[in-house]
Every structure is written in structure tokens, then in C-alpha cells.
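Engineer: Provided below for reference: sequence and predicted model.
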Amino acid sequence: MLASVFNKSRPINYVIIGVALVLFYFLYLFKENFWTESILSIFQGIGLLLLLIGSLFLTNFVTHKNRLNKDNTYAMFLFLVFLILFPTIMVNTNIIISNFFLLLALRRLISLQSLITPKEKIFDASFWIFAAAIFHFWSIIYIVLVFISIIFHVSRDYRNWIIPFIAFFAVAVLYFMAAFIIDEGFFSHVMGEISISLDFTYFENVYQNIAIAFFASVTVLFLFPYLASISSKPINLQVSHKKVLFSFLIGVGIYVLSDFKNNSFLAFTFAPLAIMGANYLENQKNYWVKETVLAVIVVIAIILFIMQL
């Protein structure tokens, strides 16, 4: 049922996914009463919802524009399911903003495949990555993907290797201006995140523990078939799929390195894992296996969401 609904890119699919996101978002927000404390909090809540919707559509845009999946909405739907599985993301302002910026960067890096205006794309991607690091410092390691992309496509022009440093300088200037003019406390907040923690005993309840264990199982299910399938992809798409893989590994690295851990930090893996999952589902020949896998993931995600309310 679910697999057959989302196996095509129909307008109704976008409506279903959008309505579902709004529903689950406000269900979780009613648990967190702080958002109704002032007009500013209400606007902040609406802004975060718009960024989450934007993240869903960016994931969908990247997959379709770069032909990473067939004409379906599996990736977009799986991104939504991962959000439901880890609802603490929905109220984590810094992670939502940082992840949105990294999706903008990923969009530019994958489109580098066309070799049209490569310097502009390298600058844009680097700029968004350094901007993301302002909101969550360890997002900065995503810059590795920029240099990987340069190696894949435009390594012979030495100027391309300099562009990320120019983007860093541009973001640094804008950041220090904002930090000193608007709020010096924001500078202290970012500096306080420059620390590493390998402590994974942060769970507030048993359901968060179950959620991450289930997410790890889904990752194994999607990751290994994806690894095996890259070499069978069309030659002109193999590099793009390798970037998705590297993006996922870097997302895991951000989660592992981050201090003050919580499940929200897994958001950086959602888009690439959703793309992997979409590949798994569309390559699954057995209809009932496809339906069962998607139904189980959705049902367990919803149950764990309810338990975390």
C-alpha cells in the first residue's frame, strides 16, 4: 500500500507528506509548551516548520534533479519517517538550520557533475557549510566533501582548491560582524561547541535508546545493498552516488564527534540515508517485501514517536 502510493511523483504525494509533517510537528510541539510563551516563540516554531518542509523538498529536488532515484517520492517520505523516529529534532533550532544549510551545500556539490560554473558551485557549497558550522560547529567537517568533489571533477585547476578558503573568509567576516554587533553571546555559544565527546550514554528514556537501535538496523538494511549497487549504476551517475555515500559517512562523523550529544544530531544522516533507502525500495523486485519493509519502518517510527510524547 505505502510503497505503491509513493512509487510515483504525484502532487497528492507531496500533499500527504506535507500534511503528515505538519501534524506530527504540532503534536510534538504541544508537548513542549515553551513555543506558546510569546509571539516570538510562535514565529520561531513556524520558521522551524518551514525549514523542515524545505529540507524535505530539498532532498526530493536533489534526488530528482540529479537522477539519483527513479520518478518516485520514497526519499522524501523516508526523510519524514526519520524525523518522526527522532522527534527531538523538531525543536532543535540549531540542528534544523545547520542541516538545511548542509542540504543546500549537497545540492551544489552533486550538481558539480555537470561541470557548469564549477567555481560558483564550489564557493556556494563551501559558504553554506561554514554557515552551517556557526549553528553546529562539527558541521564543518562536511568541507571534506567539497575537496572530494574537487578531486572527482576539477582537480587540475589550482584555483578550485583555494575557493573554499575564500568562502571561509567571507563567512568569518559576516559572522564576527554579527557576533559583535548583534549578540556577543552567540560567539561564546559557538566556541563552546568546539569540543569532542564520545559519550553515548545520553538517552533520556528507553524509547530514545530503542529508536537509535532501530535506526541502526535500518541503516544496515539500506547501506550495504547501496554499496553493492554503485558499480552497476550508469558511469555518469556513479560519482554522484559516491558523494551521497560520503555525505552519509560525514553525517555519522558529525554525530560521533559532537559534544552534548542527543539523537537530534543524527539529522545530518537523514537525506543521504533516505536516498539510499529509496534506491533499495525501487530496486526491490518482490512487491510484498517492499511493502512490508516500508510498513514496518513507518509503524515502528509512529509507535516510538507516540511513546516519546
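Structural biologist: It's in. Numbering: from 1, shown residues only.
Engineer: And for stretch 198-211, what's in contact with it?
Structural biologist: 85-86, 88, 212, 256, 261-263, 304, 307-308 (CB atoms under 8 Å, 6 or more residues apart in numbering). Placement of C-beta: from N, CA and C, glycine included.
Engineer: for stretch 302-309, same thing?
Structural biologist: The contact list for stretch 302-309 (CB under 8 Å, 6+ apart) reads 24, 27-28, 31, 84-85, 87-88, 205, 207-208, 210-211, 214.
Engineer: same thing with stretch 244-251?
Structural biologist: With contacts defined as CB under 8 Å, 6+ apart, stretch 244-251 is touched by 68, 106, 110, 141-142, 144-145, 148, 223, 226-227, 230, 266, 268-273, 275-276.
Engineer: thinking again about what came up before, rank the contacts of stretch 198-211 by pLDDT and give me only the lowest.
Structural biologist: Within the contacts of stretch 198-211, the minimum per-residue pLDDT falls on K261 (80).
Engineer: ok, now how distant is it from D199?
Structural biologist: Distance check for K261 against D199: by CB to CB, to the nearest Å, it reads 7 Å.
Engineer: Show me which of those two is the more surrounded one.
Structural biologist: K261 (18 against 8; other CB atoms under 10 Å).
Engineer: Quick check: what element follows the helix or strand L80 falls within along the chain?
Structural biologist: Assigning secondary structure by DSSP states H and E places L80 in helix 74-85. Using DSSP H and E, the helix or strand that follows helix 74-85 in sequence is helix 93-110.
Engineer: Do I have it right that Y142 meets L102?
Structural biologist: Yes. In terms of CB atoms under 8 Å, Y142 counts as a neighbour of L102; the distance is 5.6 Å.
Engineer: Which neighbours do those two have in common?
Structural biologist: In contact with both Y142 and L102: 129, 132, using CB under 8 Å, 6+ apart.
Engineer: picking up where we left off before, ok now the helix holding L80, how far from the chain's centre?
Structural biologist: Helix 74-85 has its C-alpha centroid displaced from the chain centroid by 10 Å (CA atoms, centre = their mean, to the nearest Å).
Engineer: That helix versus helix 93-110: what angle between them?
Structural biologist: For helix 74-85 against helix 93-110, the angle by axes from the mean of the first three to the mean of the last three CA atoms, to 10 degrees is 160 degrees.
Engineer: other SSEs contacting helix 74-85?
Structural biologist: When contacts are defined as 3 or more CB pairs under 8 Å, 6 or more residues apart in numbering; DSSP states H and E, helix 74-85 packs onto helix 11-29, helix 39-65, helix 206-229, helix 270-283, helix 287-307.
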